[in-house]
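In: Provide a 3D model corresponding to the input given below.
(one chain, ligands or ions: 3)
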Amino acid sequence: MTTTLIRNAQILQHDQLQPADVLLQDGRIHAIGPQLTASADEVIDAHHHFLSSGLVDVHVHLRDPGLTAKETIETGTLAAAHGGFTTIGAMPNVDPVPDTPARVAAMVARNRARAHVHVAQYASITTGRAGDQLVDFAGVRDAGAFAVSNDGSGVQTAETMYQAMCGAARVGLPLAAHVEDDSLTHHGVMNAGPVADKLGLPGIPNVAESAQLARDLMLAEASGVHYHVCHVSTAQSVRLIRDAKRAGIHVTCEVSPHHLLLTDADITQDDPMLKMNPPLRSPRDRAALLAGLLDGTIDMIATDHAPHTAEQKQGSMATAAFGITGLETAFALLYTQLVQPRILTLGQLVKLMSTRPAQLFGLNAGELKVGAPADLALFDLAHPYTIDAQRMVSKGRNSPFIGWHVVGATCLTVVAGNVVYRKEN
Ligand SMILES: NC(=O)N[C@@H](CC(=O)O)C(=O)O
Ligand SMILES: [Zn+2]
Ligand SMILES: [Zn+2]
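Out: Ligands and ions are numbered 1, 2, ... in the order given. Have a look, this model is predicted:
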């Protein structure tokens with residue numbers, strides 16, 4: 001029986017910071033209160049920093065197995081811990097794809113043996129994440145998958161998506177969709193519009209995302225599945241999801257930090273660090289995403305942490321890989337850019353990055369209360385710093401936010417009562 005006492009923390013109560021001590025025992029939160037007087041094996045002084053339930057990110061690319069030059073289970077989950085995340089959802093675009101019960105079981109075992117944080121594993125929707133052959137949903141659920149997704153590409157055929165949704169609904173698995181109609185993307189590498197025209201780069205129009213989303217919402221209604229939309233990026237998508245929720249369709253969605261903070265107007269030159277899928281959209285789209293976040297249309301924030309090697313992210317946007325990292329920068333960026341200017345409260349940010357994703361995906365996480373898992377993150381909300389590639393523990397250094405000035409450094413991350421990250425001074 002090991003006990004840890006975290007003293008002198010500030011925790012959120014009714015969206016207000018209040019001083020508290022938190023006692024952890026056997027991997028759970030045992031007590032919360034002012035000035036706890038318990039004897040503990042370890043006492044940690046939180047120095048009046050902000051103690052939160054550990055962050056939860058349902059959209060992470062760990063690249064393991066098969067793509068380990070970009071990231072591994074160890075480096076990706078250490079990056080998660082560095083960012084204050086204690087539970088992450090691992091996307092299935094690895095090699096081999098977890099598309100059978102045996103492969104999912106192997107992934108779950110590898111994650112458990114090697115990860116620094118809790119990993120919820122996605123299985124794919126179709127075999128090899130391509131074509132129309134559906135995965136054995138009951139089998140992959142029983143092997144430990146928490147949801148299915150073909151992230152990286154859209155499911156192109158309506159009939160396949162409909163059958164997939166019916167199958168996922170039958171076994172109670174959420175289906176997370178990367179919505180992208182390949183016949184509408186025109187081999188684009190950034191948002192279609194005046195900026196792409198000026199740079200002479202091929203553009204991806206909003207309809208490539210939103211037209212397939214409209215299709216999917218009708219299929220979701222007919223099938224009754226929990227349909228989750230990955231990385232929503234357009235004003236039209238927000239409108240469609242808002243209307244679908246009003247109509248009672250079981251839809252949830254996520255937005256990435258980069259789509260909340262950047263637009264194609266920030267692309268002043270051909271820069272591969274600003275290349276991701278879906279692309280940075282127009283200022284009008286960004287405004288719609290913020291409005292959707294504030295009115296509850298958008299349920300959660302997910303990083304879409306997509307590490308690549310330096311080689312894959314050099315040269316021109318025309319040839320570089322899609323994707324940027326996010327785990328190590330998300331909280332500080334959003335705290336600095338949205339909470340400090342009072343666009344969101346700290347409580348809203350924690351709900352969006354911890355409580356809601358856990359609740360909506362049925363993950364045992366996202367709450368700081370007695371009896372909950374001892375998964376916690378301690379953030380310093382006072383001292384400014386500069387985002388520095390040298391301090392990142394992810395193998396991927398492909399972030400457009402390097403050099404940004406932020407507050408909100410992670411001081412400590414605790415998973416199941418064990419310290420998995422501690423900031424050195
Ligand atoms: N977002 C990206 O630009 N890239 C992701 C794939 C994806 O999330 O669709 C990747 O795996 O690299
Ligand atoms: Zn995607
Ligand atoms: Zn992704």
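
In: contacts and neighbour counts: CA atoms only from here.
Out: Noted.

In: by contact count, what packs against the host helix or strand of residue 410?
Out: Using DSSP states H and E, residue 410 sits within strand 409-415. Strand 409-415 sits against helix 73-82, strand 85-90, strand 376-380, strand 418-422, with contacts defined as 3 or more Cα pairs under 8 Å, 6 or more residues apart in numbering; DSSP states H and E.

In: how about these in JSON lines, adding distance to ligand 2 and mean neighbour count?
Out: Formatted as JSON lines, these follow (distance: least, Cα to the ion, whole Å; neighbours: other Cα atoms under 10 Å):
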{"stretch": "helix 73-82", "distance to ligand 2": "18", "mean neighbour count": "27"}
{"stretch": "strand 85-90", "distance to ligand 2": "12", "mean neighbour count": "28"}
{"stretch": "strand 376-380", "distance to ligand 2": "27", "mean neighbour count": "24"}
{"stretch": "strand 418-422", "distance to ligand 2": "28", "mean neighbour count": "18"}
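
In: quick one on the thing from earlier: give me the angle between the strand holding residue 410 and helix 73-82.
Out: Calculated by axes from the mean of the first three to the mean of the last three Cα atoms, to 10 degrees, strand 409-415 forms an angle of 120 degrees with helix 73-82.

In: What residues does the stretch 301-425 of the chain have near ligand 1?
Out: Within the stretch 301-425 of the chain, the positions lying close to ligand 1 (Cα under 6 Å from any ligand atom) are 304, 306, 322-323.

In: with those in mind, which one is nearest to ligand 2?
Out: residue 304 (7.4 Å; Cα to the ion).

In: Walking through the stretch 251-400 of the chain, point out its strands one by one.
Out: With DSSP state E, counting those that start in this stretch as the criterion, the stretch 251-400 of the chain has strands at 251-255, 300-301, 376-380, 385-386.

In: Any chance of TSV for these, columns mean pLDDT?
Out: Listed next are these as TSV, based on pLDDT from 0 to 100:
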stretch	mean pLDDT
strand 251-255	99
strand 300-301	99
strand 376-380	99
strand 385-386	98
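
In: For the ones you listed, give me TSV that also has distance to residue 98.
Out: Below are those laid out as TSV (distance: least, Cα to Cα, whole Å):
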stretch	distance to residue 98
strand 251-255	23
strand 300-301	25
strand 376-380	29
strand 385-386	38
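
In: Looking at those strands, which is nearest to residue 127?
Out: Minimum separation from residue 127 across these (Cα to Cα) falls at strand 251-255, 24.1 Å.

In: what packs against the closest one?
Out: By 3+ Cα pairs under 8 Å, 6+ apart, strand 251-255 packs against strand 227-229, helix 235-246, strand 300-301.

In: Deepest-packed of these, please.
Out: strand 300-301 (a mean of 28; mean count of other Cα atoms under 10 Å).

In: any idea of the mean pLDDT for the host helix or strand of residue 9?
Out: Following DSSP H and E, one finds residue 9 within strand 3-13. The average of the pLDDT scores along strand 3-13 is 97.

In: Same check on stretch 80-98?
Out: Averaging pLDDT along stretch 80-98 yields 99.

In: Put the alpha carbons of stretch 63-75 into CSV.
Out: Output in CSV follows, covering the C-alpha atoms of stretch 63-75 (Å, rounded to 0.1, in the frame of the first residue of the first chain):
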residue,chain,number,x,y,z
ARG,A,63,3.6,5.3,-35.0
ASP,A,64,4.4,2.0,-33.3
PRO,A,65,4.8,-0.6,-34.8
GLY,A,66,6.1,0.0,-38.3
LEU,A,67,6.8,3.7,-38.3
THR,A,68,9.2,4.0,-35.3
ALA,A,69,11.5,6.5,-36.9
LYS,A,70,8.7,9.0,-36.3
GLU,A,71,7.7,8.0,-32.8
THR,A,72,7.5,4.9,-30.5
ILE,A,73,5.1,3.9,-27.7
GLU,A,74,7.8,5.1,-25.2
THR,A,75,8.6,8.5,-26.8
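
In: coming back round to it: export the helices and strands packed on strand 409-415 to TSV and tack on distance to residue 168?
Out: Formatted as TSV, the helices and strands packed on strand 409-415 follow (distance: least, Cα to Cα, whole Å):
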stretch	distance to residue 168
helix 73-82	27
strand 85-90	17
strand 376-380	32
strand 418-422	34
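
In: tell me the SS of the closest residue to residue 132 other than its chain neighbours?
Out: Residue nearest to residue 132 in three dimensions, not counting chain neighbours: residue 160, with 5.7 Å by Cα to Cα, 6 or more residues apart in numbering. Local secondary structure at residue 160 is given as helix here, using DSSP: H, G, I helix; E, B strand; the rest coil.

In: What residues does residue 160 make contact with?
Out: Neighbour list for residue 160: 132-134 [criterion: Cα atoms under 8 Å, 6 or more residues apart in numbering].

In: quick one: residue 7 and residue 24 touch, right?
Out: No. Residue 7 is not in contact with residue 24 according to Cα atoms under 8 Å; the separation is 11.2 Å.

In: Comparing those two, which shows the higher neighbour count?
Out: Taking neighbours as other Cα atoms under 10 Å, residue 7 and residue 24 compare with residue 24 leading, 26 against 22.

In: Tell me if that one really is in a strand.
Out: Yes. Counting by three-state DSSP, one finds residue 24 located in a strand.
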